[in-house]
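A.B. asks: I need the structure of the sequence given here:
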Amino acid sequence: MERPERSQDLSHLITAWRFLPEEMAWGLFRQVLKAVRHCSSCGILHRDIKPQNIVLDLTTGEAKLIDFGCGTFLQDTAYTQLAGTPLYSPPEWIWLKSYHGKAATIWSLGILLYQMVCGQHPFWKGRSTIWGQLPFPRRVSRGCQHLITCCLSTLPSDRPLLEDLFCHPWVQGVQLP
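C.D. replies: Numbers count the residues shown, from 1 in each chain. Purely as a prediction, here's the structure:
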């Protein structure tokens, strides 16, 4: 596997910094979005997007999405077998034991971005998963909070599409008032 000489996975970077400055998270998140869009355009669903599966080249700042061991072909119908890390699975998997790949990807991207800017998983409390109001530190901009909240909608139909994420003001670099 390709691995830059000076590299680190994103989870180690988040742990070392406690959280990433929003500007850094913005650049990395945009790179992940582009990688996910490329996979999707090739008909591939990663199914395990998380900080441990993003490797950073510490020299260039380039991010790479790795570990396609849970990946599969993208389909329009629901998946009925979980692949990936349960902690990143969407609520519909917990409730219905099925999920649609595109909506589940948006969910995991929301968790990823939250972890980058807040330094922890949004719903993991000890040994259980608790959904509810997302607590945001004051340092996280309203635009970033809005994007995360949209991605982490408990209803899959309320989550944005991948292409919608590219048009979101925060991803575009536009600050909300």
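A.B. asks: just how off-centre is the lengthiest helix in the chain within its chain?
C.D. replies: Scanning the chain for the longest helix, with DSSP state H as the assignment, gives helix 22-41. Here helix 22-41 shows a centroid-to-chain-centroid distance of 9 Å under the convention C-alpha atoms, centre = their mean, to the nearest Å.
A.B. asks: Which parts of it count as buried, going by neighbours?
C.D. replies: Within helix 22-41, the residues scored as buried using 16 or more other C-beta atoms under 10 Å are 22, 25-26, 28-33, 35-36, 39-40. No exception for glycine: its C-beta is placed from N, CA and C like everyone else's.
A.B. asks: same check, this time on stretch 10-17
C.D. replies: By neighbour count, and taking 16+ other C-beta under 10 Å as the criterion, the buried residues in stretch 10-17 are Leu10, Leu13, Ile14.
A.B. asks: All the helices of this protein, in order from the start?
C.D. replies: Taking DSSP H, the helices of the chain run over residues 10-17, 22-41, 91-96, 101-118, 142-151, 162-167, 169-172.
A.B. asks: circling back: could I get the buried residues of helix 22-41 as JSON lines with pLDDT?
C.D. replies: What follows is the buried residues of helix 22-41, written out as JSON lines (pLDDT from 0 to 100):
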{"residue": "Glu22", "pLDDT": "96"}
{"residue": "Ala25", "pLDDT": "97"}
{"residue": "Trp26", "pLDDT": "97"}
{"residue": "Leu28", "pLDDT": "98"}
{"residue": "Phe29", "pLDDT": "98"}
{"residue": "Arg30", "pLDDT": "98"}
{"residue": "Gln31", "pLDDT": "98"}
{"residue": "Val32", "pLDDT": "98"}
{"residue": "Leu33", "pLDDT": "98"}
{"residue": "Ala35", "pLDDT": "98"}
{"residue": "Val36", "pLDDT": "98"}
{"residue": "Cys39", "pLDDT": "98"}
{"residue": "Ser40", "pLDDT": "98"}
